[in-house]
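Visitor: The following block contains a protein sequence and its predicted model.
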Amino acid sequence: MPDLMKIIEIILQDYKRTMDEVYYDDEQGICEIIDVSSKSSNDMMKIVEEKKLPNDTKVFVCLSLENPETLLTLVPEYVDKGFSLPSIRTKSPLNNSINMYMLCLEKVDMKSSGFSGVNSSQMVYDTVEDWSNMTESNCKTKYALSKDTVKQLKTLSFSEPTRNKDSSMTQKEHAGAMYVSGMSGDVNVLDINQNKWIEGKEQGVPIVEALYNFHSHPEEAYITNKVNKAWPSAQDYIGFLLAVLEDNTILHIVVAIEGVYIISLSEYYAGNKDKLSPDVAGFINSNFNYCGKLDNSINWFIKNINTVKYKGQPLFITEFIPWDKATKDFTIYYCKTNGKCLVK
Ligand SMILES: [Zn+2]
């Protein structure tokens, strides 16, 4: 149930909690307890039993979604005591306002017995997970480059020089697109779209319109700029952001001699694209310009670039993967398209 941790972030901060309150409505034959997290299920059920309610009373318990640990403990306990039928709500079954999202479980009458543990608990967790995915504002997906992709990208910085108008020969940047060619477990595998290659200039190439795209930094540019590492430039970040806004691009890869730099939006901005203002381009230009800082390591670059905050939140995530590990999977946050998390 790993995604439950994220639920914490979407829960309202300023709720007033009604802890342990037991309500009973004899007309509807419903008993409910809002927020049972403070006691064990045994103690809680003792309180209900002491009320000597009619046997056909429906009992509801509601659990805070704030604390995944508590959920992991309490859900199996209540399932054991005959609770199931999960629902996630901000109003209790008796219409008491909860002011936050809670998971409520129902026991159809006082005597209904326990369900066989694991599967029933799993069904409850699935409900929570579905709800979490539905309310999540961004998307989160695992990707990996295929072996063929790595093989082809690895040679890209060493491409053959091509002829210029003045008949000199120079290496150019290359740009291309990738697509999800299949799944390996829960990882989306990226392959190169061989029909979409673009050759650019010595320093600069347009981004190819696609969900996944890349461009290379050629060897000659290292020599021209007197650098031994060619991480993304401020211009590369601006290009990526434009591609996000115009083509729903999910990730961009800068192909270098030392490995690949994978650029994506931060978790925050993947869910809050509307918080970006027109000043963001200027912001990137002045804050993402790490070119020509010769003596610094890739670790130094990654650490610094990932801590740059725009309006108090990280803007991009950059991950570096060296060639010998280039088929490893990586996690990317990206924006929903029409409310859906599309990978193709
Ligand atoms: Zn570049």
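Guide: Alright, I've got the coordinates. Numbering: from 1, shown residues only.
Visitor: what about stretch 243-260, start to end distance?
Guide: One end of stretch 243-260 to the other measures 19 Å (CA to CA, to the nearest Å).
Visitor: pLDDT value on the residue nearest in space to the middle of the chain, please?
Guide: Nearest to the mean C-alpha position of the chain, counting by CA atoms, centre = their mean, stands residue 140 at 2.9 Å. If you check residue 140, the pLDDT there is 93.
Visitor: Past whichever strand or helix holds it, which element shows up next along the chain?
Guide: Element membership for residue 140 (DSSP states H and E) is strand 138-145. Using DSSP H and E, the helix or strand that follows strand 138-145 in sequence is helix 147-154.
Visitor: what sits against residue 285?
Guide: 234, 238 (CB atoms under 8 Å, 6 or more residues apart in numbering). For every residue, glycine as well, the C-beta is placed using N, CA and C.
Visitor: again, but for residue 247
Guide: Counting by CB under 8 Å, 6+ apart, the residues that residue 247 touches are 209, 210, 211.
Visitor: List the ones among those residues that fall in helices.
Guide: Among the contacts of residue 247, none falls in helices (DSSP state H).
Visitor: quick one: which of those is nearest residue 268?
Guide: residue 211 (20.6 Å; CB to CB).
Visitor: can you count the residues close to the closest residue to that closest one other than its chain neighbours?
Guide: Here the nearest residue to residue 211 in space, its sequence neighbours aside, is residue 250; by CB to CB, 6 or more residues apart in numbering that works out to 4.9 Å. Applying other CB atoms under 10 Å, we find 28 residues neighbouring residue 250.
Visitor: Show me how to select, in ChimeraX, the buried members of the contacts of residue 247.
Guide: Only the buried entries of those go into this ChimeraX selection, using 16 or more other CB atoms under 10 Å:
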select :210,211
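Visitor: Give me the buried positions along the strand holding residue 140.
Guide: 138, 139, 140, 141, 143, 144, 145.
Visitor: farthest pair in those?
Guide: The most widely separated members of these are 138 and 145, with 22.3 Å between them, by CB to CB.
Visitor: hmm, back to that, what's near enough to touch the residue nearest to residue 211?
Guide: By CB under 8 Å, 6+ apart, the contact list for residue 250 reads 141, 211, 212, 264, 332, 334, 343.
Visitor: I figured the third one hits residue 175, correct?
Guide: No: between residue 212 and residue 175 there is no contact under CB atoms under 8 Å: 12.0 Å.
Visitor: Please name the bridge partners of the residue nearest to the centre of the chain.
Guide: Going by DSSP bridges, residue 140 is paired in beta bridges with residue 333.
Visitor: ok, it touching residue 332?
Guide: Yes: contact criterion CB under 8 Å: residue 140 and residue 332 qualify, at 7.3 Å.
Visitor: Buried by neighbour count: which residues of the longest strand anywhere in the chain qualify?
Guide: When the chain is parsed with DSSP state E, its longest strand is strand 187-199. Using 16+ other CB under 10 Å as the test for burial, strand 187-199 gives 187, 188, 189, 190, 191, 192, 193, 198.
Visitor: now do stretch 156-166
Guide: So for stretch 156-166, counting by 16+ other CB under 10 Å, buried means 156, 157, 159.
Visitor: nearest to residue 326, of those residues?
Guide: Compare each of the buried residues of stretch 156-166 with residue 326 using CB to CB and the shortest gap goes to residue 156, at 12.2 Å.
Visitor: still on that earlier bit, residue 223: which of the buried residues of stretch 156-166 is nearest?
Guide: Nearest member of these to residue 223, counting by CB to CB, is residue 157, at 11.7 Å.
Visitor: how about the nearest residue to the closest one, chain neighbours excluded?
Guide: Distance criterion CB to CB, 6+ apart; nearest residue to residue 157, sequence neighbours excluded, is residue 257 at 4.8 Å.
Visitor: Just the element for that neighbour, please.
Guide: Secondary structure assignment for residue 257, by DSSP H and E: no helix or strand.
Visitor: ok, it to residue 221 distance?
Guide: Shown here: residue 257 relative to residue 221, a distance of 10 Å by CB to CB, to the nearest Å.
Visitor: Nothing else from me, thank you.
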